[in-house]
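Visitor: I would like to see how this sequence folds:
(one chain, ligands or ions: 1)
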Amino acid sequence: MTQIGLVGLGYWGPNLARNFDELAELRWLCDASPDARERYATRYPQTRLTGDLEDLLEDPELDAVVVATPAVTHYELAKRALEAGKHVLVEKPPALSGAAAEDLVATAEARGLVLMPGHLLLYHPAVQEVKELVDGGELGDVLCVYSNRQNLGKIRTDENALWSLGVHDLSVILHLLDETPSEAWAHGNSFLTPGVEDVVFCYLRFPSGKIAHMHLSWLDPHKMRKITVVGKEKMVVFDDMELERKVTIYEKGPWQPTDTYGEWQTRTGDIFSPKIPNSEPLRLECSHFLELIAGNGDAHRAAQDGLAVVRVLEQLQESLVAAPA
Ligand SMILES: NC(=O)c1ccc[n+]([C@@H]2O[C@H](COP(=O)([O-])OP(=O)(O)OC[C@H]3O[C@@H](n4cnc5c(N)ncnc54)[C@H](O)[C@@H]3O)[C@@H](O)[C@H]2O)c1
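Guide: Residues are numbered from 1 along each chain as shown. Reported below is the predicted structural model:
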């Protein structure tokens, strides 16, 4: 069975620990905080506990390291694990610059190791349904995609709304459109903590002409987690706040009747919600990592997806910084 070591037992790490304990062998738990280690000592009595990543890296039985520490530490911890010959699942974003993300990908590929970013939404059954609709041509030509990730809170001071929230939507937008944007612009402002943008609006344009937008904010009256894809034949909405109707397909679109001399009209048909399995996205993400380690699936693609998202985030960040105050 694959032997997993997890670094980071804060808010998110324990969810990864639970899944890997069920799917593989949770061999090590590592956190710099003694309190965090103590909290999980009785829950995982078979698992070794440490505050030092080196203990994991020196263990020849350990196959993989899962990094669930704050973003600023991801590059360094992932790099050390790869250099020690361990496969790596690193929480999003894998690094804070395109150059650092490229270095991680090159290190993994040179050693034949898996480097997978924690792009949770790609494992959401609703996103997989939307991807099938896009790829199967059901929506017709996709024209634009936009996402809303807004709420009042959680107000962060260590990373801005672009890096904290945008990574989710960006991973989905790039996955759905399967293209690299030729333009990426962001506007936003830091209202609460100097230098940390609380509200960010992003615009992306792709070589095919498709366009995308992301509204990212923790200063908003609406709690929204929504992605809308507008196709020429149909339109689809993934709304993660809905309990049952996560995906809604609208048979709506523009059309040109032959008898109106090229004038556009609109067409409205059925509105339909397919059944979406309620499998836990994190469980599917962890299973995918184990499959990649076993040699099944496209490990190169997983590593490249992480790099692509970081590169676009970096471009967006540059335009955000460059914007006049
Ligand atoms: N996919 C998702 O939906 C999702 C959701 C929440 C968080 N996350 C990601 O998970 C990561 C962790 O977020 P969090 O909210 O759990 O953070 P957190 O601050 O609650 O926990 C981080 C933990 O890492 C430990 N730590 C920090 N540096 C360390 C080091 N060098 N060695 C060992 N331990 C160290 C800290 O002691 C702390 O316990 C972030 O990258 C975040 O983006 C992902």
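Visitor: next, the buried residues of stretch 10-24.
Guide: Residues of stretch 10-24 classed as buried: 13, 14, 16, 17, 18, 19, 20, 21, 23, 24 (neighbour count, 16 or more other C-beta atoms under 10 Å). Placement of C-beta: from N, CA and C, glycine included.
Visitor: residues making contact with it?
Guide: Under the criterion C-beta atoms under 8 Å, 6 or more residues apart in numbering, residues 1-4, 6-7, 9, 26, 29, 31, 36, 40, 44, 47, 66, 68-70, 89, 91, 280, 282-283, 286-287, 290 lie in contact with stretch 10-24.
Visitor: could you confirm whether it reaches the ligand?
Guide: Yes: Stretch 10-24 is in contact with the ligand by C-beta under 6 Å from any ligand atom, via 10, 11, 12, 13.
Visitor: farthest pair in those residues?
Guide: 11 and 13 (7.6 Å; C-beta to C-beta).
Visitor: how about the strands in the stretch 151-300 of the chain?
Guide: Per DSSP state E, counting those that start in this stretch, the stretch 151-300 of the chain carries strands over the ranges 183-189, 199-205, 211-217, 219-231, 235-239, 247-255, 265-272.
Visitor: just checking, what packs against the shortest one?
Guide: Judged by 3 or more C-beta pairs under 8 Å, 6 or more residues apart in numbering; DSSP states H and E, strand 235-239 is in contact with helix 125-135, strand 219-231, strand 247-255.
Visitor: tell me the mean pLDDT over it?
Guide: Strand 235-239 shows a mean pLDDT of 98 in the predicted model.
Visitor: tell me the pLDDT of the residue in the stretch 201-325 of the chain that the ligand sits nearest to.
Guide: When scored by C-beta to the nearest ligand atom, the stretch 201-325 of the chain has residue 282 as its residue closest to the ligand, at 7.4 Å. The model reports residue 282 with a pLDDT of 98.
Visitor: from residue 65, how far out is the residue of the chain found nearest the ligand?
Guide: Of all residues in the chain, residue 10 sits closest to the ligand, at 1.7 Å by C-beta to the nearest ligand atom. Note on residue 10: its distance to residue 65, by C-beta to C-beta, to the nearest Å, is 16 Å.
Visitor: next to the ligand, which bits of the chain? Give me the list.
Guide: Counting by C-beta under 6 Å from any ligand atom, the chain sits next to the ligand at 7-13, 30-33, 36, 53, 68-71, 73, 91-92, 118, 120.
Visitor: just those: which are in strands?
Guide: Of the residues of the chain next to the ligand, the ones assigned to strands by DSSP state E are 7, 30, 91, 118.
Visitor: what about the last one, neighbour count?
Guide: The reference is to residue 118. Residues lying near residue 118 (other C-beta atoms under 10 Å) number 25.
Visitor: which residues touch residue 51?
Guide: Listed by C-beta under 8 Å, 6+ apart, the contact partners of residue 51 are 30, 31, 32, 33, 34, 37.
Visitor: then residue 138?
Guide: Contacts of residue 138 (C-beta under 8 Å, 6+ apart): 132, 231, 233, 234, 249.
Visitor: what about 7 Å?
Guide: residue 234 (C-beta atoms under 7 Å, 6 or more residues apart in numbering).
Visitor: number the residues from 8 up from this point.
Guide: Let's use 8 as the start, then, which means that last one is residue 145.
Visitor: in the protein, which segments are predicted with low confidence?
Guide: For the chain, applying pLDDT under 70 flags the ranges 330-332.
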